[in-house]
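Enquirer: Attaching a predicted model along with its sequence, questions to come.
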Amino acid sequence: MSQTPQTTDQARLSEILNRPKEAPATVTHVIRPQAERVWVRPDVQPDESRGGIIIPDDAKDKIVTIYGTIIAVGRKCVDSHVGDHVVYNKWMGLDVEHKGETLRAIYETELLGYDEEAAPVSPTTSTT
């Protein structure tokens with residue numbers, strides 16, 4: 001006696017549902033920003049000025065421009081490239097937590113400028 005298509009489908013479904021569960025594969029992936037957005041890693045703000053004057057914490061809160069390094073760009077970005085050192089406004093974009101570090105997602109048009117002579121700097125580290 002041959003099986004009807006319905007019982008064959010039921011048998012396949014039962015087989016699929018009763019399979020032993022496999023451990024999820026670990027995949028290393030990179031998240032790319034959408035469209036005209038860039039991801040910026042903020043640079044560490046110095047504790048003293050170039051002239052050697054120590055900057056108090058109250059004055060650091062008043063700084064509105066921040067320097068950072070672009071670590072990812074969206075497909076529609078025209079002028080920005082990974083590794084560019086940029087200047088942006090403190091209140092622009094969104095903070096994004098990715099792999100334990102805080103990045104800033106900013107539209108390319110919100111960047112204030114590019115620092116073409118910047119030396120590489122260390123990323124911001126959280127103290128929490």
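Expert: Ah, there it is. Numbering: from 1, shown residues only.
Enquirer: C-alpha from now on. contacts and neighbour counts both.
Expert: Noted.
Enquirer: Hmm, Leu112 is touching Asn89, no?
Expert: Yes. Leu112 is within contact range of Asn89, at 7.2 Å (criterion: CA atoms under 8 Å).
Enquirer: Where do the strands of this structure begin and end?
Expert: Along the chain, the segments classed as strands by DSSP state E run 37-42, 65-73, 85-89, 94-98, 101-107, 111-114.
Enquirer: Pick the most deeply packed of these.
Expert: Highest mean neighbour count among the strands of the chain (mean count of other CA atoms under 10 Å): strand 37-42, with a mean of 26.
Enquirer: how many degrees apart are it and strand 85-89 in direction?
Expert: Direction vectors for strand 37-42 and strand 85-89, defined by axes from the mean of the first three to the mean of the last three CA atoms, to 10 degrees, enclose an angle of 100 degrees.
Enquirer: Next, the angle from strand 37-42 to strand 94-98.
Expert: Going by the same axes, to 10 degrees, strand 37-42 is angled at 80 degrees with respect to strand 94-98.
Enquirer: Which elements pack onto strand 37-42?
Expert: Contact partners of strand 37-42 among helices and strands, from 3 or more CA pairs under 8 Å, 6 or more residues apart in numbering; DSSP states H and E: strand 65-73, strand 101-107.
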